[in-house]
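# Provided below for reference: sequence and predicted model.
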Amino acid sequence: NAGVTQTPKFQVLKTGQSMTLQCAQDMNHEYMSWYRQDPGMGLRLIHYSVGAGITDQGEVPNGYNVSRSTTEDFPLRLLSAAPSQTSVYFCASRVDPNSNQPQHFGDGTRLSIL
Amino acid sequence: GENVEQHPSTLSVQEGDSAVIKCTYSDSASNYFPWYKQELGKRPQLIIDIRSNVGEKKDQRIAVTLNKTAKHFSLHITETQPEDSAVYFCAASINFNKFYFGSGTKLNVKP
């Protein structure tokens, strides 16, 4: 199993550009989520999904869209990039949304908005 | 929403000493409290967790305690080793869906 795979690992954007951060898992996990981690801070939940076709907002959803058309993939879209969205983005998955099974994190995407 | 506060922000201990990191939460409905370790430039990894129906949980040199009345929980690391040096995050969750993280504690274990 590859686990949770995030692409790209690094990206530089200009203000106003849009892009999609990819997240894929091959563990048949129902629960997937996106976090952002700013320097010196903990992770903040952007969006999450408890299964294919179901998504919900987290703590900081503004400026981001998600979709979950398959169990494996959970892309995060930045609609119009802003410097405040410069951060490290982590995708995570968990086998069951209703249990305390551990979250598996990807390696992160380092995103800079100029 | 939930607010999780974590202290201290940095902690320096001598190898072999104990380290304690404390977190408080605001929403009494929170019922699951994981702790993560994150090495520089790496992904967070779960090291221990506790559910609200348990007061204490241990795993070798690591333990977590929970006081639901006071709404705080703590991570205890005994016999610290240099490889324990990392940033540690606490988190709180209601029913395992939304997770709220503390701001992190940078632990430095001096050989």
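It's in. Nothing here was measured: the structure is a model prediction, and the numbers come from that model. Numbers count the residues shown, from 1 in each chain, chains lettered A, B, ... in the order given.

# rest of the way, CA atoms for contacts and neighbours
Fine.

# Look up the closest residue to residue 51, ignoring the ones flanking it.
All of this is about chain A. residue A:30 (4.8 Å; Cα to Cα, 6 or more residues apart in numbering or on different chains).

# Please refer instead to chain B.
Per Cα to Cα, 6+ apart, closest to residue B:51 is residue B:32, 4.5 Å.

# Point out the residues in chain B that sit beside chain A.
For chain B, the residues in contact with chain A (Cα under 8 Å from any Cα of the partner chain) are B:1, B:32, B:42-46, B:89, B:95-104.

# at 6 Å what do you get?
Within chain B, the positions adjacent to chain A are B:43, B:96, B:101-104 by Cα under 6 Å from any Cα of the partner chain.

# can you redo the residues you listed as JSON lines with distance to residue A:12 and pLDDT?
Below are the residues of chain B next to chain A laid out as JSON lines (distance: Cα to Cα, whole Å; pLDDT from 0 to 100):
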{"residue": "B:43", "distance to residue A:12": "20", "pLDDT": "94"}
{"residue": "B:96", "distance to residue A:12": "33", "pLDDT": "85"}
{"residue": "B:101", "distance to residue A:12": "26", "pLDDT": "95"}
{"residue": "B:102", "distance to residue A:12": "28", "pLDDT": "96"}
{"residue": "B:103", "distance to residue A:12": "26", "pLDDT": "95"}
{"residue": "B:104", "distance to residue A:12": "26", "pLDDT": "96"}
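
# Go through the residues you listed and flag which are in strands.
Among those, DSSP state E puts residue B:101 in strands.
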